[in-house]
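> Here is my input, please return the structure:
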Amino acid sequence: MKKTTHLLYALLLFTACAKEVKQEIPVARVRQETFYIDLYETGEVRANQSVAISSPEISWRYGSLKLTQLIEDGKVVKAGDTVMVFDPSEVQKAILDAESRLEIHYAELEKLQAQQTSEMEDLEADYELTELSLQISKIQAEAAQYEANIRKKEIDLNLEKAQIALEQARDQIANRRKIQQEEMTQRRLTIRQAQTELNEAHATMRSLFVTSPYPGIAIIMRNRSTDLKYQIGDQVWAGQPILELPDLDELKAEVLINEVDIAKITPGMKVEIRPDAFSDSTYMGEVIKVANLAVNKTRNSKIKVFPVEVRILSKTSKLMPGLSVSCRLLVKDYPNATFVPLQAVFNDEEGSYVYVRSGNHFKRQNIETGISNTDFIVVEKGLKAGETVALVDPVRLEEAQKKEKANQKETK
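So this is what the prediction gives:
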């Protein structure tokens with residue numbers, strides 16, 4: 001019984017060791033279908049058409065614009081919803097200053113009106129006295145016919161003097177009224193200017209609370225100075241686009257192509273689009289525009305790239321502006337090509353070869369290869385569609401297994 005137990009233990013140990021050494025050989029089937037020369041690049045989903053929502057156009061007197069509130073990226077909004085708010089402190093100060101100035105100007109206007117009224121009353125009183133003096137001089141002149149010539153002449157001179165004084169008083173009142181009208185015009189103009197500044201400040205205050213003109217999904221745009229999406233605390237220029245309301249019925253992907261590959265890209269080229277957030281979903285697209293001029297890949301980068309626009313042909317609610325996508329640009333296709341994965345092909349001094357499954361074994365098969373892409377290589381001769389090839393060298397794998405098995409025996 002004890003001997004049987006030892007034999008069973010040894011058998012189990014041998015079996016366990018054999019399982020540790022033996023490895024399954026990965027395989028792949030030879031495919032015969034359309035073969036693509038492709039190019040993989042990353043991109044970002046954008047709307048083909050969208051409405052931009054910009055920061056308000058305000059006067060330089062109110063300083064710079066600073067974001068204090070910003071709607072969540074990708075949030076659904078209704079027409080009239082507040083989507084961003086800017087710091088109102090400078091505008092509030094301007095409103096208080098304008099109200100204070102306007103109050104002072106109104107007080108000065110009332111003071112001027114009182115002064116002018118008093119002044120005109122004095123002038124009109126002087127005019128009345130001058131007019132009385134003229135009447136007296138006229139009476140004296142009528143009674144002077146019995147006076148001596150010298151006295152009569154004196155009375156006539158006094159009458160003439162009174163007439164001149166009355167005309168001067170009349171002219172003085174007329175001139176003073178013109179001056180007063182100009183003073184009042186200037187005061188009212190000052191008040192209108194102050195009122196305009198106050199109205200402008202109130203309008204600017206209202207404009208700091210930016211609302212959505214249409215319903216849709218608010219997408220935050222990128223700040224060109226930081227190459228990041230706008231966020232609370234950012235300072236922006238007046239009239240700078242901050243958000244966009246995209247038309248989700250027409251989407252595109254913007255892809256940046258390296259300058260060494262741009263010659264391969266042409267309008268109409270088919271593209272497979274895979275969102276990073278939904279890697280199990282694939283959508284089709286086509287190149288619609290290839291930029292003529294290169295741009296820097298990033299703000300501080302010296303790498304030159306060409307922006308390429310890809311129209312997304314598939315309709316889905318999963319694709320939203322701002323999503324990162326992996327794009328496979330199908331540069332050229334070769335119908336009815338025979339091809340295998342790159343790792344199935346091996347090379348030595350005799351050329352290229354693969355290991356083809358034959359029953360429970362693999363045999364070496366010399367082949368002639370053609371073009372390749374990032375994953376597969378075309379086999380011009382030596383293989384047929386449906387055959388099974390090893391993805392690792394079975395000879396080397398077997399040698400490695402034997403070596404490992406020998407090492408395990410030595411350690412026992």
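> Tell me which stretches of this protein form helices.
Counting by DSSP state H, the chain has helices at residues 2-21, 89-143, 149-207, 394-411.
> Export these to a markdown table and append columns for distance to S225, mean neighbour count and mean pLDDT.
In this view, the C-beta of every residue, glycine as well, is placed from N, C-alpha and C. Output for the helices of the chain, formatted as a markdown table (distance: least, C-beta to C-beta, whole Å; neighbours: other C-beta atoms under 10 Å; pLDDT from 0 to 100):
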| stretch | distance to S225 | mean neighbour count | mean pLDDT |
| --- | --- | --- | --- |
| helix 2-21 | 59 | 10 | 36 |
| helix 89-143 | 21 | 14 | 85 |
| helix 149-207 | 23 | 14 | 85 |
| helix 394-411 | 56 | 12 | 75 |
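> do you know which of those lies nearest V83?
V83 lies closest to helix 149-207 among the helices of the chain, at 13.0 Å (C-beta to C-beta).
> how big is the angle separating that closest one from helix 89-143?
On the basis of axes from the mean of the first three to the mean of the last three C-alpha atoms, to 10 degrees, helix 149-207 is oriented at 170 degrees to helix 89-143.
> and the helices of the chain as CSV, adding distance to P56?
Listed next are those as CSV, based on distance: least, C-beta to C-beta, whole Å:
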stretch, distance to P56
helix 2-21, 72
helix 89-143, 10
helix 149-207, 4
helix 394-411, 69
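> what's the closest of these to Y36?
helix 394-411 (29.3 Å).
> Counting by contacts, list what the closest one packs against.
helix 2-21 (3 or more C-beta pairs under 8 Å, 6 or more residues apart in numbering; DSSP states H and E).
> cutoff 10 Å now
helix 2-21, strand 351-358, strand 361-372 (3 or more C-beta pairs under 10 Å, 6 or more residues apart in numbering; DSSP states H and E).
> Name the residue closest to the centre of this protein, please.
M221 (2.3 Å; C-alpha atoms, centre = their mean).
> Of all the helices of the chain, which one comes closest to L313?
helix 149-207 (40.4 Å).
> thinking again about what came up before, out of the helices of the chain, which gets nearest to K78?
helix 149-207 (19.0 Å).
> So which elements touch that closest one?
The elements that helix 149-207 packs onto, with contact taken as 3+ C-beta pairs under 10 Å, 6+ apart, are strand 82-86, helix 89-143.
> Centre of the chain to the last one, how far?
This points to helix 89-143. Computed by C-alpha atoms, centre = their mean, to the nearest Å, the separation of helix 89-143 from the middle of its chain amounts to 59 Å.
> got it, and the first one?
With C-alpha atoms, centre = their mean as the basis, the distance from the averaged C-alpha position of strand 82-86 to the chain average is 15 Å.
> what angle sits between it and helix 149-207?
Using the same axes, to 10 degrees: strand 82-86 against helix 149-207 is 120 degrees.
> Can you name the residues in contact with strand 82-86?
53-56, 58, 62, 64-72, 75, 77, 204-205, 207-213, 218, 220, 230, 232, 235-236, 238, 242-243, 245 (C-beta atoms under 10 Å, 6 or more residues apart in numbering).
> Quick one: buried ones out of the residues you listed?
53-56, 58, 62, 65-67, 70-71, 77, 204-205, 208, 210, 212, 218, 220, 230, 236, 238, 242-243, 245 (16 or more other C-beta atoms under 10 Å).
> In strands, which of these fall?
Using DSSP state E, the members of these that fall in strands are 53-54, 65-67, 70, 77, 210, 218, 220, 236, 242-243, 245.
> Among those, which one sits closest to L123?
L65 (55.1 Å).
> mind checking how far that closest one is from M205?
13 Å (C-beta to C-beta, to the nearest Å).
> and if you look at Y230?
Distance from Y230 to M205, by C-beta to C-beta: 21 Å.
> What of P88?
Per C-beta to C-beta, P88 is found 6 Å from M205.
> Give me the common contacts of those two.
Here P88 and M205 have Y62, A94, I95 as joint contacts, going by C-beta under 10 Å, 6+ apart.
> so the last one touches L208, yeah?
Looking back up the chat, that one is I95. No - using C-beta atoms under 10 Å as the test, I95 is too far from L208 to be in contact (11.8 Å).
> okay, and the common contacts of these two?
If you check I95 and L208 against C-beta under 10 Å, 6+ apart, the residues they both contact are P88.
> Quickly list the domain ranges of the chain.
Domains of the chain are assigned by automatic domain parsing as 22-46+247-411, 51-86+208-245, 91-207.
> what's the model's confidence in the shortest one, averaged?
It stands for domain 51-86+208-245. Throughout domain 51-86+208-245, pLDDT has a mean value of 91.
> quick one: it to chain centroid distance?
Worked out by C-alpha atoms, centre = their mean, domain 51-86+208-245 lies 8 Å from the chain centre.
> how long is it from one end to the other?
5 Å (C-alpha to C-alpha, to the nearest Å).
> returning to that earlier point: any chance of the helices and strands packed on helix 149-207 in TSV, with distance to I288 too?
Below are the helices and strands packed on helix 149-207 laid out as TSV (distance: least, C-beta to C-beta, whole Å):
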stretch	distance to I288
strand 82-86	30
helix 89-143	44
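> K270: which of the ones you listed is closest?
Taking C-beta to C-beta as the criterion, strand 82-86 is the member of the helices and strands packed on helix 149-207 that comes nearest to K270, at 37.2 Å.
> Look up how far S352 lies from S317.
With distances taken as C-beta to C-beta, S317 is found 47 Å from S352.
> and these two? which has more neighbours close in?
S352 (16 against 6; other C-beta atoms under 10 Å).
> for the more buried one, what are its contacts?
Neighbours of S352 in contact, by C-beta under 10 Å, 6+ apart: V345, F346, Q365, N366, I367, E368, T369, I377, V379, G382.
> repeat that with 8 Å
Going by C-beta atoms under 8 Å, 6 or more residues apart in numbering, S352 touches V345, F346, N366, I367, E368, T369.
> K78 against P215, yeah?
Yes - the criterion here is C-beta atoms under 8 Å, and K78 meets it with P215 at 5.1 Å.
> Including distance to G43, could the shared contacts of P88 and M205 go into a markdown table?
Output for the shared contacts of P88 and M205, formatted as a markdown table (distance: C-beta to C-beta, whole Å):
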| residue | distance to G43 |
| --- | --- |
| Y62 | 39 |
| A94 | 45 |
| I95 | 47 |
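> Great, nothing more from me.
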